[in-house]
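Engineer: only the shape, not the letters, is given here:
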């Protein structure tokens, strides 16, 4: 058949000389971003493969064993632009299993699972209409890896459940291995472009269904009219206008946010009226996150006109050279949906604040849109950056602090951003930078550079924004070096750490606090959603029920640590299925989806957790006071 391309099954065997070819590919990371990796073209985990009469026999030596093979290693083409589906003919061994076949792109997986009875022969068909969504910003039709996996015996119910036990599952059926014979493996091909478009005019995946999917502008309006917010999760009379808790002991009022330890050593934000405040909310409350459309216009059912009522969502300001150095045309689907739904960004702004109050949130986290929220009467954070355009950077993308003119450029940036906010009491604080490459330095160089960095930034902030807190540089969870944490603590009011983990592990954060001796804010965290809205990521994703429970558990475990002053979910709205410009992140991780519809699981989780944060924090163990 002309539309069938067969794999070379022999390539599923380990080479006799043991030398497996290396392939280079881009892969998305659990804690954000992505990078180029080197991988063996054939990877066997708790698996062995061998020839048998009619094909290749794969023996899974334990539940969850995996065989992965690069598509080109199997003699499939590198471009899958004409591919419609992947097929395998398999014959099961002597015990029932769940057999999974999947393709792995740069950012997403496409999966087909089938229960097989002992001895059953079956054809597994994996339809692939949305391959570019697994690639996001990487070449749309580039082939990836093919994975075979089997479950049986004491199988975990979901991949999220496996992640929770950190891969430690019980013994399988008497520790008996399971075998599957792969007799055929092929691609079914058709006409290039026959399955386009893959994203509708609302930024949603075309070839999938889910409850509440938007199908018309009338649906957007209906959602707006029918959304009824529950009463605030925390009664308004319990809170100051800044969100401080009037039911807890009062401290001295300073007119602005600050941090302070209570008599038992627990850290708190103190609101401008002197009341204790534990910060909780989301990052990225903004309209104009965009996705590249230039060069892939055919992926989209419709795009807004560059001129007219929705011109602002085409090439929005946020699509800067820093996000896309090539300056390609981009569209902000969330912003387009908001304008079609509300008519005005200020109506949207008011709805966001009303939702946050209903959910018990009190903070707009990093990268929220000051244009709309600075005068919204709700606590917010400010994002600043030392990485000024045109100035050199050191290893790890760190700014060259000694470059001529750099200090003046950063000072100008701070002045320009903070001058209108200098006396705004709703500013919780200022973040400077995000997830910097501290591991690019070592030893004395790391000590001297980090000391200069934090002292110089702090000095400029104190001069030009003296009323507001310096919230640090947003470290990744794994401490780069104790000396960096120590230098951060000397100059930052709060040390912010982005923690992509199921829970904030007390020993890790105890170590952070030991060296920094400052309160700690979790600047980013989330639990990825496994759903039909998008191909799941390369790492574990979770059901709605799991996310609802895990959010509550994370907030409680964190609030019960004495140095904890808050946590911010990443991010407010789901990412575009076709990925953001810089690195292609494209997951449904928002509290609202791309059409501005709240995720019920996350709303329920927030409303259950937020009323208890101060109670949990008051129950945290005593902490030595910092003098």
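Structural biologist: Received it, and whenever you're ready, just let me know what you need. Since the structure is predicted, the reported quantities are computational estimates derived from the model, not experimental observations.

Engineer: give the contact list for residue 260.
Structural biologist: Contacts for residue 260 (CB atoms under 8 Å, 6 or more residues apart in numbering) come out as 251, 267, 268, 270. Glycine gets a C-beta too; all of them are placed from N, C-alpha and C.

Engineer: highest neighbour count among those residues?
Structural biologist: Ranked by the number of neighbours (other CB atoms under 10 Å), the contacts of residue 260 place residue 268 first, at 26 neighbours.

Engineer: so it: helix, strand or coil?
Structural biologist: strand (DSSP: H, G, I helix; E, B strand; the rest coil).

Engineer: quick check: residue 399 touching residue 387?
Structural biologist: Yes - here residue 399 lies in contact with residue 387, judged by CB atoms under 8 Å, at a distance of 5.6 Å.

Engineer: joint contacts of these two?
Structural biologist: Common contacts of residue 399 and residue 387 (CB under 8 Å, 6+ apart): residue 393.

Engineer: please identify which of these two sits among more neighbours.
Structural biologist: Ranked by neighbour count (other CB under 10 Å), residue 399 and residue 387 place residue 399 first, with 23 against 16.

Engineer: and the pLDDT for the more buried one?
Structural biologist: Turning to residue 399, the model gives it a pLDDT of 96.

Engineer: just give me the neighbour total for residue 525.
Structural biologist: Residue 525: 24 surrounding residues under other CB under 10 Å.

Engineer: in this structure, which spans are helices?
Structural biologist: Taking DSSP state H as the test, the helices found in the chain are 131-135, 159-164, 217-226, 333-342, 345-359, 370-373, 406-418, 443-464, 482-491, 506-516, 544-559, 600-609, 613-618.

Engineer: quickly, which of those helices bottoms out on average pLDDT?
Structural biologist: Per-segment mean pLDDT for the helices of the chain reaches its minimum on helix 159-164, at a mean of 82.

Engineer: still on that earlier bit, out of the helices of the chain, nearest to residue 188?
Structural biologist: Ranking the helices of the chain by proximity to residue 188 (CB to CB) places helix 131-135 first, at 13.1 Å.

Engineer: which strands and helices lie in contact with that closest one?
Structural biologist: strand 97-104, strand 109-116 (3 or more CB pairs under 8 Å, 6 or more residues apart in numbering; DSSP states H and E).

Engineer: quick one, domains of the chain?
Structural biologist: Using automatic domain parsing, the domain parsing of the chain gives 4-189, 278-287+343-618.

Engineer: out of the helices and strands in the protein, which is least certain?
Structural biologist: Using mean pLDDT, DSSP states H and E, the weakest-scoring helix or strand in the chain turns out to be helix 159-164, at a mean of 82.

Engineer: got any ranges where the stretch 1-150 of the chain has weak pLDDT?
Structural biologist: 1-2 (pLDDT under 70).

Engineer: do a quick rundown of the strands in it.
Structural biologist: 4-6, 22-28, 34-40, 42-45, 47-52, 55-60, 66-70, 83-92, 97-104, 109-116, 121-127, 145-151 (DSSP state E, counting those that start in this stretch).

Engineer: touching, residue 232 and residue 356? I think so.
Structural biologist: No - using CB under 8 Å as the test, residue 232 is too far from residue 356 to be in contact (9.4 Å).

Engineer: give me the more crowded residue out of the two.
Structural biologist: Taking other CB under 10 Å, residue 232 and residue 356 do not tie; residue 356 has more neighbours (26 against 19).

Engineer: how about the contacts made by that one?
Structural biologist: Residue 356 sits next to 281, 362, 364, 378 when contact means CB under 8 Å, 6+ apart.

Engineer: how about residue 184?
Structural biologist: Applying CB under 8 Å, 6+ apart, the residues near residue 184 are 6, 9, 55, 87, 88, 89.

Engineer: what distance do you get for the nearest residue to residue 275 once chain neighbours are set aside to residue 263?
Structural biologist: Nearest residue to residue 275 in three dimensions, chain neighbours excluded: residue 244, at 2.8 Å (CB to CB, 6 or more residues apart in numbering). Separation of residue 244 from residue 263 (CB to CB, to the nearest Å): 18 Å.

Engineer: which of those two has more residues huddled nearby?
Structural biologist: For residue 244 and residue 263, the more surrounded residue by other CB under 10 Å is residue 244, and the numbers stand at 28 against 8.

Engineer: as JSON lines, the domains of the chain with distance to residue 221 would be great.
Structural biologist: Below are the domains of the chain laid out as JSON lines (distance: least, CB to CB, whole Å):
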{"stretch": "domain 4-189", "distance to residue 221": "28"}
{"stretch": "domain 278-287+343-618", "distance to residue 221": "10"}
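
Engineer: which of the ones you listed sits most buried?
Structural biologist: Mean neighbour count (mean count of other CB atoms under 10 Å) peaks for domain 278-287+343-618 among the domains of the chain, with a mean of 20.

Engineer: distance between the ends of it?
Structural biologist: 11 Å (CA to CA, to the nearest Å).

Engineer: does residue 179 touch residue 56 like I think?
Structural biologist: No - distance between residue 179 and residue 56: 10.8 Å, which falls outside the contact criterion (CB under 8 Å).

Engineer: check the contacts of residue 184 against residue 621 and report the nearest one.
Structural biologist: Of all the contacts of residue 184, residue 621 sits closest to residue 88, with 54.6 Å by CB to CB.

Engineer: how much space between the closest one and residue 112?
Structural biologist: 9 Å.

Engineer: one more: residue 409?
Structural biologist: Where residue 112 is concerned, residue 409 sits at a distance of 53 Å (CB to CB).

Engineer: could you do residue 23 as well?
Structural biologist: Residue 23 is 23 Å from residue 112, by CB to CB.

Engineer: residue 43 now?
Structural biologist: In terms of CB to CB, residue 43 sits 20 Å off from residue 112.

Engineer: would JSON lines of the contacts of residue 356 with pLDDT and distance to residue 490 be doable?
Structural biologist: Below are the contacts of residue 356 laid out as JSON lines (pLDDT from 0 to 100; distance: CB to CB, whole Å):
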{"residue": "281", "pLDDT": "98", "distance to residue 490": "28"}
{"residue": "362", "pLDDT": "98", "distance to residue 490": "28"}
{"residue": "364", "pLDDT": "98", "distance to residue 490": "28"}
{"residue": "378", "pLDDT": "98", "distance to residue 490": "31"}
